[in-house]
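**Student:** starting from these lines, generate the structure:
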Amino acid sequence: MKIGGAHTILRAVTNPLQIKSLVRSAWYVATSAALAACSHKSETLTPEPTAPLPTAGIAAQQVAVLPLTLVAAEDSLHWEALLGERRAALAKSDSIIGTLLKTRAPEVNWVPPDELRRAARRAPGIAPAPDQIGTAILFHPTKERPEMVPDPLRSELRTLAALVGGGRYALVPAGLTFRRAITMGGGPGSVGAQHAAPLPHAVATAELTVVLVDVRMGRVGFRTVARGEGDDPWIALTRAVKNLTPGLP
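**Tutor:** So this is what the prediction gives:
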């Protein structure tokens, strides 16, 4: 690290011990500043709580539910056998998401991924295959306010929505990740210790990024990350989706 005016200061000091002391002090100042910045950064990375789906605003409306295209798990979970077959894992995730949405938010007319696929097959060359469009691009939010959906995804969502009845909104599960859940301290459930330890039975946290898109405006109207824990991916995902519709068992 360069320190402005350091050469001028050092030329004015004739005692080598004073030079060493001055350099050491500068190093301490720089290190303290770096540690303070890291501490501030870790505080900003605290996950935000899951925001409930705004079902009151879309009640009685038709909302297309896009299929999931992105699923991943930390290597430390060793869930290769459970998630190794990508197509099967995506299909089971879609089934859990769709079933829970219909049972827990029946006031919305949800259009499931299978219906979108049938509509796309009836219009070859016009509608894209729902499983092959780039919905995962919405996994990470952009800095835009309001957040806009880029093309060609924007036009593809509009086309699919039109083919199944012309609804204005589409619910996009933009990505599903599984991370090893941790608890602070040396043992399960302990609080206040300095180190994090894995929970027993390889308990994981499912993190499902959900985006509600206004397909006419091409704008993201709602975004959240639903989280849920479990000792297998499907229990964790079920709890995550339930957190989108709180207040029910």
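
**Student:** which residues of this protein fall in helices?
**Tutor:** In the chain, the helices defined using DSSP state H lie at 6-11, 16-44, 55-58, 80-83, 86-104, 113-122, 153-163, 233-242.

**Student:** which one of those has the lowest average pLDDT?
**Tutor:** Of all those, the minimum mean pLDDT falls on helix 6-11 (a mean of 39).

**Student:** straight-line length of stretch 97-116, end to end?
**Tutor:** By CA to CA, to the nearest Å, the extent of stretch 97-116 from end to end equals 15 Å.

**Student:** check stretch 117-137 too.
**Tutor:** OK, stretch 117-137 end separation, CA to CA: 20 Å.

**Student:** tell me the buried residues in it?
**Tutor:** 117, 119-120, 127-128, 130-131, 133, 135-137 (16 or more other CB atoms under 10 Å). Using the backbone N, CA and C atoms, a C-beta is placed for each residue, glycine as well.

**Student:** strands - which of those land there?
**Tutor:** Members of these lying in strands (criterion: DSSP state E): none.

**Student:** what's the domain layout of the chain?
**Tutor:** Following automatic domain parsing, one finds the domains of the chain at 6-42, 55-242.

**Student:** now do the contacts for the residue nearest to Leu82 when sequence neighbours are not counted.
**Tutor:** With sequence-adjacent residues excluded and distances taken as CB to CB, 6 or more residues apart in numbering, Leu82 is closest to Pro233, at 5.6 Å. Pro233 sits next to 73, 79, 82-83, 89, 178, 204, 206 when contact means CB atoms under 8 Å, 6 or more residues apart in numbering.

**Student:** nearest residue to the middle of this structure?
**Tutor:** What sits nearest the mean C-alpha location of the chain, by CA atoms, centre = their mean, is Thr209, with 4.0 Å.

**Student:** pretty sure it sits against Ile137.
**Tutor:** No - contact criterion CB atoms under 8 Å: Thr209 and Ile137 do not qualify, at 11.4 Å.

**Student:** what touches both of these two?
**Tutor:** Ala174.

**Student:** show me what contacts the closest residue to Phe222 other than its chain neighbours?
**Tutor:** Once flanking residues are discounted, Phe222 sits nearest to Leu212: 3.9 Å by CB to CB, 6+ apart. Contact analysis of Leu212 by CB under 8 Å, 6+ apart lists 53-54, 58, 63, 169-172, 220-223.

**Student:** if I look at Arg179, how far off is Ala73?
**Tutor:** According to CB to CB, to the nearest Å, Arg179 and Ala73 sit 8 Å apart.

**Student:** I'm done for today, thanks for sticking with me.
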